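Colleague: Give me a model of this one.
(2 chains)
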Amino acid sequence: MNIFVLMKRTFDTEEKISISAGKINEDGAEFIINPYDEYAVEEAIQVRDAHGGEVTVVSVGTEEAEKQLRTALAMGADKAVLINTEDDVENGDQFTTAKILAQFLKDKEADLILGGNVAIDGGSGQVGPRVAEMLNIPYVTTITKLEIDGNKATVTRDVEGDSEVIETTLPLLVTAQQGLNEPRYPSLPGIMKAKKKPLEELELDDLDLEEDDVEAKTKTIEIYLPPKKEAGRVLQGDLNDRVKELVHLLHSEAKVI
Amino acid sequence: MARKVLTLGEVRDGSLRNVSFETIAAAKTISEGGEVVAVLIGNGVSALGEELVKYGADRVLVVENEKLSQYTSDGYSQALLAAIEQEKPEGLILGHTALGKDLSPRIAGKLSSGLISDATDVEVAGGNLVFTRPIFSGKAFEKKIVTDGLVFATIRPNNIAPLERDESRSREVGSLAVEISDLRTIIKEVVRKASEGVDLSEAKVVIAGGRGVKSSDGFEPLKELANVLGGAVGASRGACDADYCDYSLQIGQTGKVVTPDLYIACGISGAIQHLAGMSNSKVIVAINKDPEANIFKVADYGIVGDLFEVVPLLTEEFKKLKVHS
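Modeller: Residues are numbered from 1 along each chain as shown, chains lettered A, B, ... in the order given. Here you go, the predicted model:
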């Protein structure tokens, strides 16, 4: 089976966010594989181990994403592709990324494409379904279970806490939700092997794309931090009085009840 | 510039979700005096059209087909694209719900348009339509504009206030016949886990439990409080990981993002992942034994104490308040 994973390098979830010169300050920040994409990498490896084939992890970004691609290879992916847009794309959006990925994937005859359901930085959750639409293949988002039998797939999908069991066919694109699996940590032999696995680097030219073809449709005009919340009031006194006071405050001061 | 803007009415269990009215309010802003057309997709849903009018839609377009009785991306995208084809709108607003998140990128992919996802506000500023949206799980915000083509956005439930309901308002509720070709994804089964009680993502009051709840039975007092307040019960990842409750209740960076009027955190320490899912709530109350717990830093009001003592007392007090008012 020919399996592709769409992967994004993101800030570590624990990072504090600060802004300098109107941009998110990346100095000294830790970067990771977007946690939802990590589920996708794990699932891809499990599907390959059960059904045979090859897992290729693809990322659109800068050279710095090589580190996360190597991590995916160390987990067990077979090949990695970095589509380096550093010289060509200044302010891309989800249209940009999806267009590049779809262009890369269109002649790859992928049976299965996996990605995270959302990236924890931008948080749009657009790229997966956009790519599926551009490739004209079905997709299922926020999946928690994937079973493949021949060219049939049975997928369980999380829908705001409810689940749907969906039958569909390959080729298919799915996006991973928490609960799909427990991503493995790269093993030491895995890390050693990953160093020798192929990591191909492409640019827009290699995909026959011009900068104009991928020009963003949206633009960020400002980034800011939410106003710092003042420390709240910790109520004092006898417990019964505190509870009474709280109810009174919520009713009369905050007016939410 | 007056624009024609389409919205999507979202139906769940035979009634319209609140976000349907919120999209109309957002569309009004975006239309700048143009027409707001609410699209209603489903099977046997046309009777709900008038309600969309009462909340401000200038016209309703109903697309009904038996293949649309359940949401599928194939079915709904064909229906919505047909409505777009007929109406040729300059704007399109959906809710940032499970349905909207699944459908909107596909529509944007098909139309090669931009899409601003998960907006919490929209305003007209300096001749631009400026959308505000959280990034980095609410640790920062960005303001975004559409630079080319359709003004397309999804809005986060509970953030943009619906227009006041106008009982006397009456407008055309039309229909559009659409052929739905074969669906490539077939829903075999729906397992309901979250439908018990109030919808967590739309709830005005959320009572959430963390590790301090200690067991699945420990959620009972929280449920009672939620019942009295007409709210929903949620949980931290810690409580879900410890198997005290289903993951469908999880609030946080992984899990749901909620912005209720009142969020009561019970026995939740306030890990950064949890804060990402609730810190934009309007009023936050923290109940925790540990006075150093991080949750107190984001709380408007705090009570240091055992949730098993505090929550039942709160329930009683709120009951009294309900009787008096």
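
Colleague: Beta-bridge partners for the closest residue to B:Ile84 other than its chain neighbours, please?
Modeller: In space, B:Ile84 comes closest to B:Leu6 once its chain neighbours are excluded; the distance is 6.7 Å by C-beta to C-beta, 6 or more residues apart in numbering or on different chains. In short, each C-beta sits where N, CA and C put it, glycine included. Counting by DSSP bridges, B:Leu6 is bridged to B:Val37, B:Leu92.

Colleague: count of neighbours near B:Leu6?
Modeller: Using other C-beta atoms under 10 Å in any protein chain shown, B:Leu6 has 26 other residues around it.

Colleague: Does the top strand by length along chain A reach chain B?
Modeller: For chain A, the longest strand by residue count, based on DSSP state E, is strand A:139-149. Yes. Using C-beta under 8 Å from any C-beta of the partner chain, strand A:139-149 reaches chain B at A:139-142.

Colleague: Just name the closest of those residues to chain B, please.
Modeller: Proximity of the residues of strand A:139-149 next to chain B to chain B (C-beta to the nearest C-beta) peaks at A:Thr141, which lies at 4.9 Å.

Colleague: Hmm, the closest one is touching A:Gly115, no?
Modeller: No. Assessed by C-beta atoms under 8 Å, A:Thr141 is found out of contact with A:Gly115, at 9.4 Å.

Colleague: Now list whatever residues contact both of those two.
Modeller: Residues within reach of A:Thr141 and of A:Gly115 at once, by C-beta atoms under 8 Å, 6 or more residues apart in numbering or on different chains, are A:128, A:174-175.

Colleague: Include distance to B:Cys240 and pLDDT when you put the residues you listed into CSV, please.
Modeller: Converted to CSV, the shared contacts of A:Thr141 and A:Gly115 look like this (distance: C-beta to C-beta, whole Å; pLDDT from 0 to 100):
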residue, distance to B:Cys240, pLDDT
A:Gly128, 24, 98
A:Val174, 22, 98
A:Thr175, 21, 98
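
Colleague: Can you flag which of these belong to helices?
Modeller: Judged by DSSP state H, the subset of these located in helices is A:Gly128.

Colleague: which among the shared contacts of A:Thr141 and A:Gly115 are in contact with chain B?
Modeller: Checking the shared contacts of A:Thr141 and A:Gly115 against chain B (C-beta under 8 Å from any C-beta), the matches are A:Gly128.

Colleague: Flag the shaky bits of the stretch 51-200 of chain A, pLDDT-wise.
Modeller: For the stretch 51-200 of chain A, no stretch is flagged by pLDDT under 70.

Colleague: Up against chain B, what does it have?
Modeller: Contacts of the stretch 51-200 of chain A with chain B, taken as C-beta under 8 Å from any C-beta, map to A:93-95, A:98, A:117, A:120-134, A:138-142, A:154, A:158-169, A:178-179.

Colleague: Mind checking which of the residues you listed are in strands?
Modeller: Counting by DSSP E, these place A:139-142, A:154, A:158-159, A:162-169 in strands.

Colleague: tell me the strands in the stretch 1-150 of chain B, going along the chain?
Modeller: In the stretch 1-150 of chain B, the strands defined using DSSP state E, counting those that start in this stretch lie at B:5-9, B:11-12, B:15-16, B:36-42, B:59-64, B:91-95, B:116-119, B:121-125, B:128-135, B:140-146.

Colleague: Tell me if I am right that A:Val60 is in a helix.
Modeller: No. When classified by DSSP: H, G, I helix; E, B strand; the rest coil, A:Val60 is found to be strand rather than part of a helix.

Colleague: gap between it and A:Ala102?
Modeller: 11 Å (C-beta to C-beta, to the nearest Å).

Colleague: Understood, closing this out.
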